[in-house]
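K.L.:
Fold the following, please.
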Amino acid sequence: MAPVSADERNVRTISTAACLIIGDEVLGGKNLKRIEVIADDESEIVEAVRRMSDGYDFVVTRQIRHDDITYQSIAKAFNLPLKLHQETFEKMKLLSKPHPNQPKFDWEVDSPARRAKLRMAELPIDESRDIKKQALFPHDDLWVPVSVVNGNIHILPGIPRLFQRLLEGLKPHILPRLTDPEGKGTHRVLFSTPLPESGVAEYLTTLAAKVEPKGVKVGSYPRWGKDNNTVTLVGRDLDYLESLVDEVEAGIQGMRVTAESDTEEDPKEIKKQATADADKDTAEQAAQKP
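P.N.:
Now for the predicted structure:
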């Protein structure tokens with residue numbers, strides 16, 4: 001089987017995704033094939049990005065700061081040089097605000113500060129490919145690019161606010177390639193239970209084995225400091241999920257809820273209030289009849 005080129009990876013339909021976290025942070029995520037946490041170690045980064053680029057259609061990672069080893073390690077993984085990306089540098093000059101501690105900074109005069117800024121504009125560049133596909137600028141008011149390496153490795157900044165904004169900004173680039181862009185193919189049913197996780201574990205294990213052939217995943221999520229915990233069913237067959245509701249409510253001595261915030265209330269109180277509201281509506285409708 002012939003190897004897939006970077007240009008092919010850059011345009012093929014996205015049916016899998018991965019998120020590569022470089023550092024000691026542990027982040028949660030949903031609807032990803034894999035979340036991987038590794039140390040700031042060049043050999044680990046090289047191995048991980050090669051493997052994930054081969055295994056997934058869309059991969060996201062991030063650079064912690066300007067002097068970390070993310071860019072150089074990912075460049076090394078694909079035998080690419082780190083080169084000054086002129087468009088990034090020009091946007092940096094245009095959009096960066098002067099730092100109060102550097103009032104005399106001059107973009108045209110060599111200095112430690114200027115050299116540091118130049119390093120921030122160095123990206124892994126494949127000179128055999130279109131440069132426009134290797135650095136994306138989702139927002140006109142930000143000079144920070146999303147560096148795209150080997151067609152499917154997307155490197156974002158480590159600052160959470162910037163990471164989130166740039167990831168959101170990638171939507172126009174990736175939505176046309178998604179197999180299920182609106183997520184309509186997957187359904188999630190939430191339940192609230194007053195029982196501890198140990199009290200529902202045996203039932204949920206049995207339930208998981210029962211529904212696994214139907215492609216349904218069963219989840220149990222303790223809510224620390226709360227009186228109730230959350231149980232979820234996730235699958236593509238909504239009718240089948242709905243058919244399980246009564247059984248699950250009985251098995252966990254809880255009830256279905258519409259949002260995770262509802263699990264903060266006692267399921268019995270929620271059901272009691274729902275019944276009272278229904279009775280009130282019925283009484284009001286009866287009173288309106290001639």
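K.L.:
I'd like to know how many residues surround the nearest residue to residue 15 once chain neighbours are set aside.
P.N.:
The shortest distance from residue 15 to any non-neighbouring residue, by Cβ to Cβ, 6 or more residues apart in numbering, is to residue 179 (4.7 Å). From N, CA and C alone the C-beta is placed, and that goes for glycine too. Taking other Cβ atoms under 10 Å as the criterion, the count of residues near residue 179 is 10.
K.L.:
One more: residue 224?
P.N.:
Summarising burial for residue 224: neighbours were counted as other Cβ under 10 Å, giving 5.
K.L.:
again, but for residue 77
P.N.:
Using other Cβ under 10 Å, residue 77 is surrounded by 22 other residues.
K.L.:
Same question for residue 176.
P.N.:
The tally of other residues near residue 176 (other Cβ under 10 Å) stands at 11.
K.L.:
That one belongs to a helix?
P.N.:
Yes - with DSSP: H, G, I helix; E, B strand; the rest coil as the criterion, residue 176 is part of a helix.
K.L.:
Residue 14 versus that one, what's the distance?
P.N.:
Distance from residue 176 to residue 14, counting by Cβ to Cβ, to the nearest Å: 9 Å.
K.L.:
just checking, the residue nearest to residue 15 touches residue 17?
P.N.:
No - with contacts counted by Cβ atoms under 8 Å, residue 179 stays clear of residue 17, the gap being 10.6 Å.
K.L.:
Mind exporting the C-alpha coordinates of stretch 127-146 to PDB?
P.N.:
Written as PDB, here are the backbone C-alpha positions of stretch 127-146 (Å, rounded to 0.1, in the frame of the first residue of the first chain):
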ATOM      1  CA  GLU A 127       8.900  23.700   0.700                       C
ATOM      2  CA  SER A 128       7.500  21.200  -1.700                       C
ATOM      3  CA  ARG A 129       3.900  22.100  -0.700                       C
ATOM      4  CA  ASP A 130       1.700  25.200  -0.900                       C
ATOM      5  CA  ILE A 131       2.700  27.400   2.000                       C
ATOM      6  CA  LYS A 132      -0.900  28.700   2.400                       C
ATOM      7  CA  LYS A 133      -2.000  25.200   3.500                       C
ATOM      8  CA  GLN A 134       0.700  25.100   6.200                       C
ATOM      9  CA  ALA A 135      -0.300  28.200   8.200                       C
ATOM     10  CA  LEU A 136      -3.900  29.100   8.700                       C
ATOM     11  CA  PHE A 137      -5.100  32.400  10.100                       C
ATOM     12  CA  PRO A 138      -8.700  31.900  11.300                       C
ATOM     13  CA  HIS A 139      -9.000  35.400  12.700                       C
ATOM     14  CA  ASP A 140      -8.000  38.700  11.100                       C
ATOM     15  CA  ASP A 141      -7.300  40.300  14.500                       C
ATOM     16  CA  LEU A 142      -4.800  37.600  15.600                       C
ATOM     17  CA  TRP A 143      -1.300  37.200  14.300                       C
ATOM     18  CA  VAL A 144      -1.000  33.700  15.700                       C
ATOM     19  CA  PRO A 145      -1.300  31.000  13.000                       C
ATOM     20  CA  VAL A 146      -2.500  27.400  13.200                       C
END
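K.L.:
Contacts made by it with the rest, please.
P.N.:
6-7, 10, 85, 87-88, 91-92, 94-96, 123-126, 147-149, 151, 154-157, 162, 165-166, 168-170, 172-173 (Cβ atoms under 8 Å, 6 or more residues apart in numbering).
K.L.:
for the stretch 101-250 of the chain, what spans make up the helices?
P.N.:
Secondary structure of the stretch 101-250 of the chain, counting by DSSP state H, counting those that start in this stretch: helices at 112-120, 160-169, 171-174, 197-211, 238-243, 245-252.
K.L.:
counting contacts, what elements does the longest one pack onto?
P.N.:
Applying 3 or more Cβ pairs under 8 Å, 6 or more residues apart in numbering; DSSP states H and E, one finds that helix 197-211 makes contact with strand 217-221, strand 229-235, helix 245-252.
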